[in-house]
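Novice: Need coordinates for the following:
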Amino acid sequence: MKKPKIQMVVNKEDLGYSALYDKGDVFIATQADTFEELKKNVLEAVNLSFEEEGLVYANDEIAFSYDLESFFDFYKVINAKALSERIGMNQSLLAQYIRGIKKPSPKQTKRILKGVQQIGKELTEAEFIV
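Specialist: Numbers count the residues shown, from 1 in each chain. Next up, the predicted model:
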């Protein structure tokens, strides 16, 4: 059996995080106080779910999708003010999306994601003078 691609959906909860995978006849859900703990719980839950098939997953074989609140909570290094300026979005509006006060439209979500991915691309191309 070929390993199914695992794409966990991560949500920030009042107390910690939850992760969910629901495809076909496989349903996996777990939760944790921290994102690091959640990743460990996800790996354990995924491997338990596919144990009978003899499939074993490693951390890098599990992908994560985030809601905006979870993403910005986990990646605190991303400055929302600077991102809002970069993508031409009102800082207050982006902050409301990040805090879960307002829900962005699919178009706004793509705009935010494109900005984050552009920063990531630039960072992977960065070099330091030694």
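Novice: next structured bit after the helix or strand containing residue 36?
Specialist: When elements are assigned from DSSP states H and E, residue 36 belongs to helix 35-49. Sequence-wise, the next helix or strand downstream of helix 35-49 (DSSP H and E) is strand 62-66.
Novice: next helix or strand past that next one?
Specialist: The helix or strand immediately downstream of strand 62-66 is helix 68-74, counting by DSSP H and E.
Novice: hmm, back to that, contacts for the helix holding residue 36?
Specialist: The set of residues external to helix 35-49 that reach it, using Cβ atoms under 8 Å, 6 or more residues apart in numbering, is 6, 8, 10, 16-19, 21, 26, 28-32, 55-59, 62, 70, 73-74. Just so you know, the C-beta spots here come from the backbone N, C-alpha and C atoms, and that holds for glycine as well.
Novice: which of those count as buried?
Specialist: Listed as buried from the contacts of helix 35-49 are 6, 8, 10, 17-19, 21, 28, 30-32, 57, 62, 70, 73-74; burial here means 16 or more other Cβ atoms under 10 Å.
Novice: How many residues are close by the residue lying closest to residue 97 once chain neighbours are set aside?
Specialist: Nearest non-adjacent residue to residue 97, counting by Cβ to Cβ, 6 or more residues apart in numbering: residue 104, 4.8 Å away. When neighbours are counted by other Cβ atoms under 10 Å, residue 104 registers 17.
Novice: what's the burial count for residue 43?
Specialist: Residue 43 has 19 nearby residues by other Cβ under 10 Å.
Novice: actually residue 122, not the one I typed
Specialist: The number of residues packed near residue 122 is 9, by other Cβ under 10 Å.
Novice: Need the pLDDT of it.
Specialist: Residue 122 is assigned 94 on the pLDDT scale.
Novice: doesn't it fall inside a helix?
Specialist: Yes - judged by DSSP: H, G, I helix; E, B strand; the rest coil, residue 122 forms part of a helix.
Novice: ok now the lowest-mean-pLDDT helix or strand in the chain, how far from the chain's centre?
Specialist: Each helix and strand of the chain was given a mean pLDDT (mean pLDDT, DSSP states H and E); the minimum falls on helix 68-74 at a mean of 87. From the chain centre to the centre of helix 68-74 is a distance of 7 Å (Cα atoms, centre = their mean, to the nearest Å).
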